[in-house]
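Asks: need a structure here:
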Amino acid sequence: MAAGSAGSCELRFDSGRVCLDLVATGAHPTEQLNQPARLREWLVGAKLVPGDAVLDAVDDEWVSRFAEVRAYVAELVHAQLQGRPASRALDHINNLAATPPPGVRAVRTPDGAWIRALSDAPQCTPLLATVARDTVDLLTDPVARALLRQCEGDNCARLYLDTSRGRRRRWCSSEVCGNRERVARHRHRRRASAAART
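Replies: Numbering: from 1, shown residues only. Modelled structure (predicted):
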């Protein structure tokens with residue numbers, strides 16, 4: 001998990017899919033991809049680029065394009081959950097998914113290990129194509145689609161894949177939204193107990 005920059009939410013990568021992790025960057029009260037530095041952080045944290053990739057080309061236009069694709073992915077996934085069409089978003093994602101993703105190559109490190117590296121400097125459209133392809137994979141996989149959930153936490157709209165045993169997961173994160181709900185229930189019980197005593 002990548003650490004957030006000062007004054008912003010910590011980026012999380014626990015939704016189960018890259019496309020859902022992108023949607024999660026807009027699911028909070030504050031925009032999480034509000035500047036190129038945050039998008040660079042997200043690209044590395046989502047493993048779309050290696051940690052040592054040179055991301056000097058990431059600028060405000062990249063931020064805008066990722067936010068646009070994020071909106072289309074969110075629209076598609078919410079439409080899937082609600083059983084309604086989203087043809088405009090689908091057309092956009094399908095067109096983008098047809099773009100070749102970044103080229104990759106195997107590189108041997110000085111200690112002899114193999115790592116995956118990009119063939120060229122990262123470019124915006126191929127990276128967006130990777131997100132679009134992940135969205136297509138999610139929507140066309142009946143098993144993955146059946147695992148799609150929206151967090152039941154107060155004021156949380158995060159989407160995730162429920163891979164828990166029994167498929168009874170209610171929150172995007174037990175540590176975040178689950179803990180908030182447990183604390184709220186505890187406070188409610190304390191208030192009710194105090195009111196009953198008076």
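
Asks: in the chain, which residue is closest to the centre?
Replies: residue 21 (0.7 Å; CA atoms, centre = their mean).

Asks: which residues touch stretch 101-116?
Replies: Stretch 101-116 has contacts (CB atoms under 8 Å, 6 or more residues apart in numbering) with 48-50, 117-120, 122-123, 126-127, 129-130, 133. (C-beta placed from N, C-alpha, C; glycine too.)

Asks: so how far is residue 156 from residue 26?
Replies: 12 Å (CB to CB, to the nearest Å).

Asks: Apologies, that question was intended for residue 144.
Replies: From residue 144 to residue 156 the distance is 21 Å (CB to CB).

Asks: now swap in residue 106 and tell me
Replies: On the measure of CB to CB, residue 106 and residue 156 end up 39 Å apart.

Asks: next one: residue 147
Replies: 18 Å.

Asks: Give the full set of residues in contact with residue 69.
Replies: 22, 92-93, 96, 128, 131-132.

Asks: so where does the residue nearest to the centre of the chain fall, helix or strand?
Replies: Element membership for residue 21, per DSSP states H and E: helix 18-24.

Asks: Quick one: the strands in the chain, in order.
Replies: 104-108, 114-118, 148-150, 159-161 (DSSP state E).

Asks: Let me see the mean pLDDT of the second one.
Replies: I take that to be strand 114-118. For strand 114-118, the mean pLDDT works out to 93.

Asks: Mind listing the strands it pairs with, and their directions?
Replies: strand 104-108 (antiparallel) (DSSP bridges).

Asks: what does the last one give?
Replies: In its sheet, strand 159-161 lies beside strand 148-150 (antiparallel), with partners assigned from DSSP bridges.
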